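*Asks:* Provided below for reference: sequence and predicted model.
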Amino acid sequence: MGHLNNRRVLLAVCGGIAAYKSAELVRKLQDDGAEVRVIMTRGAQEFITPLTLQALSGHSVHHSLLDEEAERGMGHIELARWADLMIVAPATADCMARLAAGRADDLLTTVALATAAPMLLAPAMNQQMWKDPATQSNLATLTERGMHFAGPDSGNQACGDVGPGRLLDPPLIIEHAQSLFQSGVLAGQRVVITAGPTREPLDPVRYISNHSSGKMGYALARAAVEAGASVDLISGPVALSAPDRVKLHRIGTAQEMLEASLGLLHNCDIFIGCAAVADYRPADAAVQKIKKSADEVSLQLVKNPDVLARVAGHSPKPFSVGFAAETEKLREHALGKLERKGLNMIVANDVSDSRIGFNSENNAALLLWRDDAGVREREVEQCSKDVLAAVVIAQIASLKG
């Protein structure tokens, strides 16, 4: 079974008595980890108010194709692009007919034509309307075009009839929606990742830092999201945009990274320390800019907190993964770090190699972990950082079980 965690679901509600179930469907989608936005037809608003679905989804409900404010930014196109999945529930006989005809005379049908996302229709109508040849012809047309259907169910209907046409219960609609996506190896897991450098101030204009670009950590965040995880990314100063569907926490110093990391450990399943945290900081940062005067200046440095060791020593302990950027004795130094910090796995790479250094788009790595048979390892040849990130995430999922 697939997953809806981190998926963007656009729920379109049509006018029918079953529209009241859309409130439960919004909540169930959110419980499964999806972000939900809602479109309502004019008829749907006669059965349930937009305010109800706005309160449940946390987003304004969309209902007008000719909303001047929304269309100033081509709102219907943005909705179509935003969605990973469009669900129409309930899908009335009229809606199915208009979709089959390729109409674009309201917001629902226009977005349906404009989206590349898969569409799942959950029909709900009178049993005779469902059986009617016109509806069955529309069903065949829409199925041939690649639309998916959940239901309808059979049973007692609001009109007093008995037969097929009832809206499928929301949990069963969710199962159909899940089946449209591949299963994620970290579905439902909460992952915290650190990335980039830290900056330790000397004075208001100068600092001690390193060459970390953050590219590896950001690639890991994208890979974890794709694997179905909910991801918090704690990032030092980098020139990178926040990855899609990742909660970004920007920090500057090692102390700030430690505080952010410890603050996110509640319900954290996996912690990946990919950041290049400065080992030392100035003992006293000057309040004013240090003026150039003497030919030599001495700096007193003090050790920074070890973020990864503190996290790995936390109780309860998340599955803890570290990175070792080394310039020599790669395996030896990485293995020492794995054991010294009490990590579950470590990813070591040789930053002295300019082809896979800090600012490169590529990387190569040695993955090390320990099990009952002793130290195990896996070597990953040079590849893009996105490819390496996917390998690391898959290995973490395999070890964590």
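*Replies:* Noted; the coordinates are in hand.
*Asks:* Tell me where the longest helix sits in this structure.
*Replies:* The helix spanning the most residues in the chain, taking DSSP state H as the definition, is helix 385-400.
*Asks:* avg pLDDT for that helix?
*Replies:* Across helix 385-400, pLDDT averages out at 90.
*Asks:* Counting by contacts, list what that helix packs against.
*Replies:* Applying 3 or more CB pairs under 8 Å, 6 or more residues apart in numbering; DSSP states H and E, we find helix 385-400 packed against helix 215-226, strand 270-273, strand 319-326, strand 345-350, strand 362-371, strand 374-384. Bear in mind the C-beta positions are built from the backbone N, C-alpha and C, glycine included.
*Asks:* would you list those in TSV and tack on distance to Thr194 and mean neighbour count?
*Replies:* Formatted as TSV, the helices and strands packed on helix 385-400 follow (distance: least, CB to CB, whole Å; neighbours: other CB atoms under 10 Å):
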stretch	distance to Thr194	mean neighbour count
helix 215-226	7	26
strand 270-273	5	27
strand 319-326	9	23
strand 345-350	13	24
strand 362-371	17	19
strand 374-384	21	12
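*Asks:* Take these and write them to TSV, including distance to Val246.
*Replies:* TSV is the format used below for the helices and strands packed on helix 385-400 (distance: least, CB to CB, whole Å):
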stretch	distance to Val246
helix 215-226	5
strand 270-273	13
strand 319-326	17
strand 345-350	19
strand 362-371	20
strand 374-384	19
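*Asks:* Quick check: which of these is nearest to Asn138?
*Replies:* helix 215-226 (35.2 Å; CB to CB).
*Asks:* what helices or strands is the closest one leaning on?
*Replies:* strand 190-195, strand 230-235, strand 270-273, helix 385-400.
*Asks:* Tabulate those (JSON lines), appending distance to Phe47.
*Replies:* Below are the helices and strands packed on helix 215-226 laid out as JSON lines (distance: least, CB to CB, whole Å):
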{"stretch": "strand 190-195", "distance to Phe47": "37"}
{"stretch": "strand 230-235", "distance to Phe47": "33"}
{"stretch": "strand 270-273", "distance to Phe47": "43"}
{"stretch": "helix 385-400", "distance to Phe47": "43"}
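*Asks:* mind giving me the domain ranges of this structure?
*Replies:* 8-178, 190-288+295-400 (automatic domain parsing).
*Asks:* coming back round to it: any idea how far the longest helix of the chain is from the chain center?
*Replies:* Centroid separation for helix 385-400 versus its chain: 16 Å, with CA atoms, centre = their mean, to the nearest Å.
*Asks:* For that helix, list the C-alpha coordinates in CSV.
*Replies:* The C-alpha trace of helix 385-400 is given here as CSV (Å, rounded to 0.1, in the frame of the first residue of the first chain):
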residue,chain,number,x,y,z
LYS,A,385,24.4,14.0,-4.2
ASP,A,386,20.7,13.3,-4.9
VAL,A,387,21.5,9.7,-5.9
LEU,A,388,23.7,9.2,-2.8
ALA,A,389,21.0,10.7,-0.6
ALA,A,390,18.5,8.1,-2.0
VAL,A,391,21.0,5.3,-1.2
VAL,A,392,21.6,6.6,2.3
ILE,A,393,17.8,6.9,3.0
ALA,A,394,17.2,3.4,1.7
GLN,A,395,20.0,2.0,3.9
ILE,A,396,18.7,3.8,7.0
ALA,A,397,15.2,2.4,6.3
SER,A,398,16.7,-1.1,5.9
LEU,A,399,18.6,-0.9,9.2
LYS,A,400,15.9,0.7,11.2
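*Asks:* Need the residues that contact that helix.
*Replies:* With CB atoms under 8 Å, 6 or more residues apart in numbering as the test, helix 385-400 has contacts from 185-186, 215-216, 219-220, 222-224, 226-227, 269-270, 272, 319, 321, 344-345, 347, 360-365, 367, 369, 378, 380, 383.
*Asks:* May I see the buried residues of that helix?
*Replies:* Within helix 385-400, the residues that count as buried by 16 or more other CB atoms under 10 Å are 385-386, 388-393, 395-397, 400.
*Asks:* Could you do stretch 225-238 as well?
*Replies:* Per 16+ other CB under 10 Å, stretch 225-238 contains these buried residues: 225-236, 238.
*Asks:* export those residues to a markdown table and tack on pLDDT?
*Replies:* Listed next are the buried residues of stretch 225-238 as a markdown table, based on pLDDT from 0 to 100:
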| residue | pLDDT |
| --- | --- |
| Val225 | 90 |
| Glu226 | 86 |
| Ala227 | 88 |
| Gly228 | 86 |
| Ala229 | 90 |
| Ser230 | 90 |
| Val231 | 94 |
| Asp232 | 96 |
| Leu233 | 97 |
| Ile234 | 97 |
| Ser235 | 96 |
| Gly236 | 94 |
| Val238 | 93 |
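*Asks:* Can you pick out the most distant pair from those residues?
*Replies:* Between any two of the buried residues of stretch 225-238 (CB to CB), the greatest distance is 26.3 Å, for Gly228 and Gly236.
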